[in-house]
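Chemist: Prediction below, plus the sequence it came from.
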Amino acid sequence: MSGRYAALSILALGAGLAGGISAERFYFNRDDTMADTGPEVLYWVAPMDANFRKDGPGKSPMGMDLIPVYAGDAPAADPSTVTLSAAEINAIGVRTAVATTQDISQTIPTVGYVGYDDHLTSHVHTRVEGWIEDLKVRAVGDRVAKGDLLFAMFSPEIGSASAEHIRALQEGNTRIIEISRNRLRSVGMSDHQITQVETSREIARNLSVYAPQDGVVIGIEAADGMYLQPNVRAVSLTDLATVWLVVDVFERDIARLTDDMTAAIRFEHMNGRVFEGRVDYIYPELDAKTRTLPVRLVVDNAEGLLKPNMFATVALSPGASRLALTVPTEAIIRTGSAERVILKTGEGTFAPRLITTGLRDDFDEGGRTEVVQGLAAGDEVVASAQFLIDSESALNAGLMRMAPTDAAPAKGAGTLLAFDPETRNATIRHAALDSLGWPAMESKFPVRADVAMDRMTIGQDVAFQITRGAGGLLYLSDVRSDDGIAATGVGVVEGVTADGKLTMNHEPIPDLGWPAMVMDMPVAGVDTAAVTVGTAVNFDLAKDGDTFVIVGVRPVEDGMQMEMPETSAVTPAPTTAAPITVAGTIDAVDVAARRATITHGNITEIGMPGMTMDFDLTAAVDPAALPVGVATTLTFDRPDGMTMVLAAAEMPKPPMTVTGTINTIDPEAGMANITHGPMVDIGMPGMTMDFAVDPALAAGDLPIGQDVTLLMTRNDDFTLTLVGVADDQQVGQ
């Protein structure tokens, strides 16, 4: 079945409609005249139980005619699968993304401000007093080069010192000359000026002050004619080729802070531009008011784009990284109990997948989340409109798979590829895990402390149980050698059928969730002639397709109980399991014993084939009111997780009536395009849409283009099916 129209109806609800019901695609009988030229019939199924199949026509366990399934029409094996056409995918805006493997590391998000690099900043003072006569730089922001004249200052002390040096030169005393030259240096005269004095033998009147470095003026106190003293900062210069960025790190992140971290820096006004920086200094003291630790970063600013006091957002990344699988964060659907994505399983087909996530958004450039379990590299997930598909999937499946718990763990089999005893992490290449919706893949799991791994060897085939912890991570709650046995039961052999099956009256089988019952079971590799009828036996069950077969039978010795596979974990006490709903017929009711004989279809939840058996009734069921001999929808409670007790039997509801026009009919698809009026019963406004057609209707006899009264049935998944056209008498009634 396909849920594509339900996905579109959800869009109609979002647009403000009072309600909407989608139409579901079913599979119907084709016209017999087309049998020779039509598509190939794959198999025949029961109308009310798609799991009951035969190679040719016949009757279902409830006495209904089987209907054919044609090539290309086979329904998805997983009821949670949603199929959408290209037009529908475009209409709801489905975008997909591929799960990719990348280097990730947990980052520290923070913010900070750009500042000057103090290591590249100079302050100019004079060593003598004097008056500024020739000021070359006059404003903050003026750019200078090393050696440029900043200003010239008249100083009597410079004149006195230069006169003494000229006198020493005239006397020719080498020691006195060196002393006077050092005095000129001590008052701030450059070697170039000293050479000029020595060459000209003229007393210097002014002191020339030059820029000590390249840079820009960030502060200036000097002015023409100003009396300047040594304690006044005349000019301040800095080089903006590199700048500092001081960020604040919260206390919770200090433990992850290291001096080899790099920084990805972003500024709001430079969209998309990312600057790189490195940790230069971690301050020793927290800010008492903000309770944050300042960290200084060095950032290259050769382009001059970064200005002091600019605000930046920063992500600090450690030097070491690791490979991890990631998907866009927007692709993940989070609920209170689990996380999942919508996986693209084929062209136009989608299915939910239970996953476990790790780091979220705080690595790389953000916007992606690490997937620890549940996906493989290359898997394509839906990144938009996934909530619409997920809602439709929930409608199709009836109830999304619950996360595995101690009471109901997920079970699987595979090969042990690696085990680290220090971290207790095991890597298993496993087969598909149907209970989780996982395909065959390699997965890494933590192993619970009480699970013994000392007897396990790498490369060994293992059977395992998975439980989801409170933190969301799936862990191994049991690991043992896999002998191919899915479960072991105990019972009494009551006979051998003509087709070689064993009739077993068995006790409850907890591993399969089977209650105590009598059933005919197929065998594989068992000599039924050697099995003694009436003998209590232990029997081993192995999975064979969608059902189980007996692969071993052993007599139960006196005093012995049922044999169970060895397990390294304690089996939890039975708990209430989810109810089971299945189509069936109540054949007879014993009112006094409060018991009903029921023929039911396959129960896929527990792998039980369709059969006829007796069931007890819950206290709420009135045995005298149960419908006998008609097809009904049966609901069974499982109070101890295995025993099935009839809780409800619902009769088909009478069809709804609505006025409308059948525009077109697609006999092959079993669909009718209908323009209908308002459906008051369900709050649906009038509209034109496609509906499934009951296979019992002859499509050629339906009136096309006429205003008629249509009969519609409402299905359990809220879809509608056209079941007929009312005549005047029906309308009057």
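Modeler: Yep, it's here. All values derive from a computational prediction rather than experimental measurement.
Chemist: per-domain residue ranges of this structure.
Modeler: Per the record, the chain has its domains at 37-74, 108-118+240-317, 126-232, 410-481, 487-555, 577-650, 656-732, by automatic domain parsing.
Chemist: by contact count, what packs against the helix or strand hosting residue 491?
Modeler: Assessed by DSSP states H and E, residue 491 sits inside strand 487-496. Applying 3 or more CB pairs under 8 Å, 6 or more residues apart in numbering; DSSP states H and E, one finds that strand 487-496 contacts strand 502-506, strand 536-544. The way it works is simple: take the backbone N, C-alpha and C, and place the C-beta from them, glycine included.
Chemist: So what touches that strand?
Modeler: 502-507, 509, 511-512, 514, 518, 528, 531-541, 548, 553, 556, 561-565 (CB atoms under 8 Å, 6 or more residues apart in numbering).
Chemist: Can you verify residue 511 is assigned to a helix?
Modeler: No: using DSSP: H, G, I helix; E, B strand; the rest coil, the assignment for residue 511 is coil, not a helix.
Chemist: Just list whatever residues bridge to the closest residue to it other than its chain neighbours.
Modeler: Spatial nearest neighbour of residue 511, excluding adjacent residues (CB to CB, 6 or more residues apart in numbering): residue 487 at 3.7 Å. Legend: beta-bridge partners of residue 487 under DSSP bridges are residue 541.
Chemist: circling back: so among the contacts of strand 487-496, which ones count as buried?
Modeler: Using 16 or more other CB atoms under 10 Å as the burial test, the contacts of strand 487-496 include 502-504, 506-507, 509, 512, 514, 528, 531, 536-541, 548, 553, 556, 562, 565 as buried.
Chemist: hang on, the earlier thing: of the domains of the chain, which is nearest residue 96?
Modeler: domain 410-481 (17.1 Å; CB to CB).
Chemist: mind giving me TSV with the helices and strands packed on strand 487-496 and columns for distance to residue 155?
Modeler: As requested, the helices and strands packed on strand 487-496 are exported to TSV (distance: least, CB to CB, whole Å):
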stretch	distance to residue 155
strand 502-506	113
strand 536-544	102
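Chemist: Out of the ones you listed, which gets nearest to residue 433?
Modeler: strand 536-544 (13.0 Å).
Chemist: neighbouring contacts of whichever helix or strand comes after the closest one?
Modeler: Once strand 536-544 ends, the next helix or strand along the chain (criterion: DSSP H and E) is strand 547-555. With contact meaning CB under 8 Å, 6+ apart, strand 547-555 is reached by 484-487, 493, 502, 504, 512, 521-526, 531-532, 535-542, 563, 607, 609.
Chemist: Keeping just the C-alphas, turn the next helix or strand after strand 547-555 into PDB.
Modeler: Of the helices and strands lying after strand 547-555 in sequence (DSSP H and E), the nearest is strand 577-590. Written as PDB, here are the backbone C-alpha positions of strand 577-590 (Å, rounded to 0.1, in the frame of the first residue of the first chain):
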ATOM      1  CA  ALA A 577       3.100  -6.000  25.800                       C
ATOM      2  CA  ALA A 578       1.400  -3.900  23.200                       C
ATOM      3  CA  PRO A 579      -2.000  -5.100  22.000                       C
ATOM      4  CA  ILE A 580      -2.200  -7.000  18.700                       C
ATOM      5  CA  THR A 581      -4.800  -6.200  16.100                       C
ATOM      6  CA  VAL A 582      -5.500  -8.700  13.400                       C
ATOM      7  CA  ALA A 583      -8.400  -9.600  11.000                       C
ATOM      8  CA  GLY A 584     -10.300 -12.800  11.800                       C
ATOM      9  CA  THR A 585     -13.600 -14.500  12.400                       C
ATOM     10  CA  ILE A 586     -15.100 -15.700  15.600                       C
ATOM     11  CA  ASP A 587     -16.300 -19.300  14.900                       C
ATOM     12  CA  ALA A 588     -17.900 -20.100  18.300                       C
ATOM     13  CA  VAL A 589     -18.300 -18.700  21.800                       C
ATOM     14  CA  ASP A 590     -18.400 -20.600  25.100                       C
END
